[in-house]
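> I'll drop the sequence and a predicted model, then ask my questions.
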Amino acid sequence: MVSKLNLLIMGPAGSGKGTQSAKITEDYNVVHLSTGDMFRAAISNQTPVGVQAQSFIDQGLLVPDEITVALVEERLVQSDVKERGFLLDGFPRTINQAEALSTILEKIEMPLNLIIDLKVDEKLLVDRISGRRMCKKCGTIYHITNNPPKVEGICDVDGETLYQRSDDNEEGLKVRLAEYNASTAPIMGYYKDSTDILDVDASLAPDQVFASISSKIESLLND
Ligand code: AP5
Ligand code: MG
């Protein structure tokens, strides 16, 4: 039985990390830490990190490890993470980042207790990525056909205009998938002997995907 949830969600672009993270956060109150969201906020505020990260993100390339690790470490040591546990989305993405994360988690005494690995047929991803729309203000994720807002182009939650991410195009997706297969997928080997891994069929509908995840989380909390 675990007392705090310290989770990691992995999967290629469009596999549903953000969509499932929103559901997990709502039900289990963990702190959602998405490096992609953190970089996009930094870009929109034109911070030094944002300025450094922008060209990598626009091309679909990984931002260098030292920038990314520093960003995550600064956030993980904050008190809400200690109180509520965390859900890392999009980090680590390289073996170097995984090693750095192990050092940080040892320092803050918060061991990982589950990796959720979203597996999806790559053929589904072009449609998911090209149809995605997001709210700039609250981050809610939509899809023009799978999960449309009530009013086209407008966020149901706060009425803001929806936007399309600058890296959400077929060319950028190809690069992101190649980066994932070359640098990120091998991370599972790093964790396989030390951490509980849940493989999930993320080609299914969002609620079915979430049912598998929540049933595993319930067993961690109750067994
Ligand atoms: P990041 O923002 O993490 O992008 P990503 O990994 O490419 O993943 P996405 O956010 O595109 O997809 P998702 O899995 O969250 O899918 P979503 O739920 O939105 O990173 C962006 C960039 O930042 C990177 O390319 C890199 O440059 C940089 N970066 C970030 N972290 C880094 C790191 N650690 N190191 C270095 N660089 C880093 O869903 C997608 C769409 O599908 C939505 O429209 C949704 O409605 C729909 N959908 C979701 N689930 C389903 C379902 N089950 N069925 C049907 N439709 C679904
Ligand atoms: Mg995402």
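Arrived safely, thanks for sending. Ligands and ions are numbered 1, 2, ... in the order given.
> could you pull out the helices for this protein?
With DSSP state H as the criterion, the chain has helices at 17-28, 35-44, 48-59, 65-76, 79-84, 95-107, 125-130, 170-179, 187-191, 206-222.
> other SSEs contacting the shortest one?
Secondary-structure packing of helix 187-191 (3 or more C-beta pairs under 8 Å, 6 or more residues apart in numbering; DSSP states H and E): helix 95-107, strand 114-119. From N, CA and C alone the C-beta is placed, and that goes for glycine too.
> Would you mind pulling the contact partners of the last one?
Around strand 114-119, the neighbours that count as contacts under C-beta atoms under 8 Å, 6 or more residues apart in numbering are 5-12, 15-17, 20, 188, 191, 195-203, 209, 213, 216-217, 220.
> picking up where we left off before, of all the helices of the chain, which lies closest to His143?
helix 125-130 (6.7 Å; C-beta to C-beta).
> For that closest one, buried residues please.
Of all the residues in helix 125-130, those buried under the rule 16 or more other C-beta atoms under 10 Å are 125, 128-129.
> need the contact list for the closest residue to ligand 1 within the chain.
Nearest to ligand 1 in the chain, going by C-beta to the nearest ligand atom, is Gly36, at a distance of 1.9 Å. Gly36 makes contacts with 18, 57, 89-90, as judged by C-beta under 8 Å, 6+ apart.
> That one and ligand 2: what is the separation?
5 Å (C-beta to the ion, to the nearest Å).
> and if you look at Phe91?
11 Å.
> Contact residues of the protein facing ligand 2?
Within the chain, the positions lying close to ligand 2 (C-beta under 5 Å from the ion) are 17-18.
> Any regions of the chain where pLDDT drops low?
Residues of the chain meeting the criterion pLDDT under 70: none.
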